[in-house]
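>>> next comes the sequence, and after it the predicted model I'd like to discuss.
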Amino acid sequence: MTDTVTDRQADFQTDAVTLESLLRSSTELLAAAGVDSPRADAELLAAHVLGAGRGEVAAWAIAGRRIDPLQSVDLRRLTISRATRTPLQYLTGTTTFRSVELEVGHGVFLPRPETELVAGAAIDAARAVRPGPGEQDGHPLVVDLCTGSGAIAAAVASEVPGATVHAVEADPEAAWWAAANLDPRGVALHVGDAATALPDLDGRADVVVSNPPYVPDGRIPAQAEARRDPGLALYGGGADGMRMPTVVAATATRLLRPGGTLVMEHDDTQGELVADLLQREGLFSDVRTREDLNGRPRYTIAARTDGTMAR
């Protein structure tokens, strides 16, 4: 840290008797450390310590509320950790993803806002599944490959009533968090390799969705917090990062029924590579690349044809 941050840490050790004074000290320390939203993060950390909502914390600060010494120490400790660029979600233990709240912590990839769009596309595809003969309602079968924290699978289970959802994760540490998020929602979690996952479901899935590791080898994330994500969740393999997206495409080809939908997130440099991969050999049609919230090509949607895989 810079000398300025060190100085702020020294100031931060003085006793503060009101919530507002602690929030000011927290905000100054986080701002000196380069955190993008220092006041918001300070309020969220205080909300975590006090077991309240951020709005309540803001109101209490204005009203001059005092907090007890133990809570003051907890807030200071968490603020110093945040100043070292530990992700806020790791400190509070939760994050929100679309309609669900997830448990998260060290060892699991933190879901990003752009992945909410990927989940939304998978949810739309699952909702569009038509009932089979003699059925009144469709019961889509959805598979989430490389589930990480279970964010996409949890959102699908929450927003598509009646869906049968399976999630696959190879990393045991990430799978621990996925289990915490998916077991209560009735999602079947499978710890194993995406390349060989779920052979019993071959040709049966209505939707396969994935946010696989796809960052090209050697690229260091620009955001300090992103560097805390586990490498297994980031790097896709190879200079173009396409090894894992290629594995996911092959597994989706195997799992999907004819007409089923693949939704896959990818790097903004990989749109054409993914489209070419899916169009090769005529195994997918209607291949469409979609943009993220910043207008960058971020995920691809495609429909499984009734062709067979080349041997």
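Sure, I can see it.
>>> could you check how far the closest residue to Arg304 other than its chain neighbours is from Val104?
Counting by C-beta to C-beta, 6 or more residues apart in numbering, the nearest residue to Arg304 once its immediate chain neighbours are dropped is Leu256, at 3.9 Å. From N, CA and C alone the C-beta is placed, and that goes for glycine too. From Leu256 over to Val104 the distance is 29 Å, taken as C-beta to C-beta, to the nearest Å.
>>> burial of Val100, as a residue count?
The tally of other residues near Val100 (other C-beta atoms under 10 Å) stands at 20.
>>> secondary structure element for the nearest residue to it once chain neighbours are set aside?
Closest residue to Val100 apart from its sequence neighbours, by C-beta to C-beta, 6+ apart: Ala154 at 4.7 Å. Assigned by DSSP states H and E, Ala154 belongs to helix 151-159.
>>> which residue ranges of the stretch 51-200 of the chain form helices?
For the stretch 51-200 of the chain, the helices defined by DSSP state H, counting those that start in this stretch cover 54-62, 69-83, 88-92, 113-127, 151-159, 172-182.
>>> just name the most buried of those helices.
Most buried of the helices of the stretch 51-200 of the chain by mean neighbour count (mean count of other C-beta atoms under 10 Å) is helix 151-159; its value is a mean of 26.
>>> now do that helix against helix 172-182, angle only.
Using axes from the mean of the first three to the mean of the last three C-alpha atoms, to 10 degrees, the direction of helix 151-159 lies 10 degrees away from that of helix 172-182.
>>> tell me the helices and strands packed up against helix 151-159.
Packing partners of helix 151-159 (3 or more C-beta pairs under 8 Å, 6 or more residues apart in numbering; DSSP states H and E): strand 94-97, strand 100-103, helix 113-127, strand 141-145, strand 164-169, helix 172-182, strand 205-210.
>>> now distance to Thr27 and mean pLDDT too, for those, in a markdown table please.
As requested, those are exported to a markdown table (distance: least, C-beta to C-beta, whole Å; pLDDT from 0 to 100):
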| stretch | distance to Thr27 | mean pLDDT |
| --- | --- | --- |
| strand 94-97 | 21 | 95 |
| strand 100-103 | 25 | 96 |
| helix 113-127 | 23 | 97 |
| strand 141-145 | 38 | 98 |
| strand 164-169 | 37 | 98 |
| helix 172-182 | 30 | 97 |
| strand 205-210 | 39 | 98 |
